[in-house]
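Sequence unavailable; structure follows:
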């Protein structure tokens, strides 16, 4: 009897067993065998006639064959999906086939995923198109794929959420498109010669669009991940090495999952080398969220640096992570408490609600006040839409209350019973891991830890807020009504000023079109990144650098919700395109866009400052002075932009005469001029209120601070208010100064503040008393005029 026949007979005998494990001995169970998920998976396998082989429910294949090629390419007998037999799926989470795998149980999330922002990357695309000068206004027509909302189930969420989003979509239609088309293909070198701005699609496809859930992205340290559902739900290490028990997987080969296990909620325990954890680690999120806004790495306290120190024991510098090096800053307080990204961000935030949005503010439904409330109202006392207004006026209305029921599909994850109810997001969905407990809030973290939180009103009632906190959050209503919480509490933000992009078409096909590679998927759901990337090389090579990095005291602007927010550089593109002949087609070019951002036909600079939540929250806020006395906070730039020389002119450094004439003939330009950069990168509005560059390119309300807001913000020069007559210049002040010196009083910061406070109160009361006296005197005088008795006339005898 021939070997193939014997193997076929053996496969038939193994039909009732798990034949997959004959080759994959030692592989980890995808979930605990007694979990509800595994019970349901085994039930599906049993109904398909495979009582003992649960692998095929997710992976498909032909379990009756012991020949690898047949087992991995055949179809499961008697296992029919709604479209036919199940094929072999080595990556069951792949978005190209997961309707047959994950979607068997999680239909809602799988249907919604295609239109989610993490898949369409619409905000990132529009930002790049804006920076390169090809955006047609504020509309968001492009995505990674052709997508629309017509073939999706009803929007996921409560009725209140659906009504809220319908209103918001009508208010900001450019941010909630009905359909989007795939971005144009990467241009050839010849096409770029005709229109250099088309190079944006080379830039997007080679750089930005590595990180969408439709593909696996780049294979570099820190960038390894799955795709589709596995982008988040399967663990990958920095090196992409498998460290589990399956002997068939090469443990030295990159591109593999860490172990064969699902990471998701607190109920899904993952075991690796004796360590047990639950939830999706922050490091999974940072495989993508490490550029652009950089919120993932910032949350961990990681800030990019150009330097490689300190050295290790072998004298080597810091290894690159995500192709960058970092310095360790203060971590977000939520990170310090052990909170993962999913502990704040909801299912709709992450999976999408089935409809399209153009940028993050459209996708994220949570606000700080949803858990913390304000000093005057508990979270459940606030109206829906609070701090999510997308308007100039404060949201008012009836109390939002709490939720006592949740959608059936959310119960497939971990849900803790809430006796008093679940808190609601600003848009009306229950926060299923956050419950009301008296005047406290209990957050059930994905890690398994429970955190009890005292809302601000509780802290105030218990006398636990400092004097400065009460002043900022309770006494000054303008802060609470008009600002994001993180405007003060995000104490740093990564600020990468000046994005110098060079795209060189002189070398032919050099870099990979990652979007094309992700589109090129087979029947098994595998994309081009898993094959030979050389097949996806396109014309052009992208190189990026920057002008400078900062982190301290981010400037302020108004975000799309209409609230004052920290601000960081967005796409501040300074473009150079090298043609196929090696000569510049455009050199150091900042495009201008007409009729947007306060400009007319002359156009506004397309470099962008972006309102942002930096995810660097601290209990300690930034100082009052960092906003009220710093011109950078107002948008004027560091020291009003006076520190930088004229950047529109070339800078030559060589032997020169005293009047600046270059002496040698053989010399070159040290720093190239940038034609449209008439102000520094961090200066986006001038002292007269003229906008100098784009501030937010997605939402109607995004803008620099208004003239009125900047006037209220600016308290610079207050020192001179007193010190122009201190210690001399006024008799009374001079006498007070001499008496304090004679008494040995040291005027330190505390005493100085005490003096100012007393002077203000004395001055205020003096003016009140004087005003009252003046009023009384005026009334007395009026009385004398209108109510005086007439004089009697003297009679003469």
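That came through, no problem. None of the values given here were measured: they were computed from a predicted structure.

list the buried ones in stretch 323-341?
For stretch 323-341, the neighbour count (16 or more other C-beta atoms under 10 Å) marks 324, 325, 326, 329, 330, 331, 332, 334, 335, 339, 340, 341 as buried. Every C-beta, even on glycine, is put in place using the N, C-alpha and C of the backbone.

For it, measure first residue to last.
23 Å (C-alpha to C-alpha, to the nearest Å).

what residues does it touch?
Residues outside stretch 323-341 that contact it (C-beta atoms under 8 Å, 6 or more residues apart in numbering): 220, 223, 279-282, 285, 290, 296-308, 317-318, 343-344, 443, 445-447, 449, 451, 491-492, 551, 615-619.

So which of the buried residues of stretch 323-341 belong to strands?
If you go by DSSP state E, the buried residues of stretch 323-341 have 325, 326 in strands.

Can you say which two of the buried residues of stretch 323-341 are spatially most distant?
Pairwise distances across the buried residues of stretch 323-341 (C-beta to C-beta) peak at 26.2 Å, for the pair 325 and 339.

where along the stretch 401-550 of the chain do the strands fall?
Applying DSSP state E, counting those that start in this stretch to the stretch 401-550 of the chain gives strands spanning 422-424, 430-437, 440-444, 450-453, 492-512, 537-552.

right, and those - which one's nearest residue 215?
Residue 215 lies closest, by C-beta to C-beta, to one member of those: strand 492-512, at 10.9 Å.

so the closest one versus strand 537-552, what angle?
Relative orientation of strand 492-512 and strand 537-552, computed by axes from the mean of the first three to the mean of the last three C-alpha atoms, to 10 degrees: 170 degrees.

tell me the mean pLDDT over strand 492-512?
The pLDDT scores in strand 492-512 average 96.

Let me know the pLDDT of the nearest residue to residue 514 once chain neighbours are set aside.
Closest residue to residue 514 apart from its sequence neighbours, by C-beta to C-beta, 6 or more residues apart in numbering: residue 210 at 4.6 Å. Predicted confidence (pLDDT) for residue 210: 91.

Give the buried subset of the contacts of stretch 323-341 as a ChimeraX selection command.
Applied in ChimeraX, the following selects the buried portion of those according to 16+ other C-beta under 10 Å:
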select :220,223,279,280,281,282,285,290,296,297,298,299,300,301,302,303,304,318,343,344,443,445,446,447,451,491,492,551,615,616,617,618
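
Of the contacts of stretch 323-341, which belong to helices?
The helices, defined by DSSP state H, take in 282, 285, 296, 297, 298, 299 from these.

which among these gets closest to residue 712?
residue 298 (28.8 Å).

Relative to residue 331, how far out is the residue nearest to residue 514?
Distance, residue 210 to residue 331, by C-beta to C-beta, to the nearest Å: 26 Å.

cool, and residue 107?
Counting by C-beta to C-beta, the gap from residue 107 to residue 331 is 37 Å.

And residue 173, by the same measure?
38 Å.

and what of residue 187?
The gap separating residue 187 from residue 331 is 42 Å, by C-beta to C-beta.

cool, residue 428 as well?
Relative to residue 331, residue 428 is positioned 31 Å away (C-beta to C-beta).

count of neighbours near residue 539?
Residues lying near residue 539 (other C-beta atoms under 10 Å) number 24.

same thing with the one 5 residues further on?
Counted with other C-beta under 10 Å, the neighbours of residue 544 add up to 14.

Grab the nearest non-local neighbour of it.
residue 501 is the one closest to residue 544 (C-beta to C-beta, 6+ apart), at 5.6 Å.

Tell me if I'm right that that neighbour and residue 578 touch.
No. Contact criterion C-beta atoms under 8 Å: residue 501 and residue 578 do not qualify, at 11.4 Å.

So the closest residue to residue 590 other than its chain neighbours: helix, strand or coil?
Leaving aside its chain neighbours, residue 590 sits nearest to residue 676 (4.0 Å; criterion: C-beta to C-beta, 6+ apart). Assigned with DSSP: H, G, I helix; E, B strand; the rest coil, residue 676 falls in the coil class.
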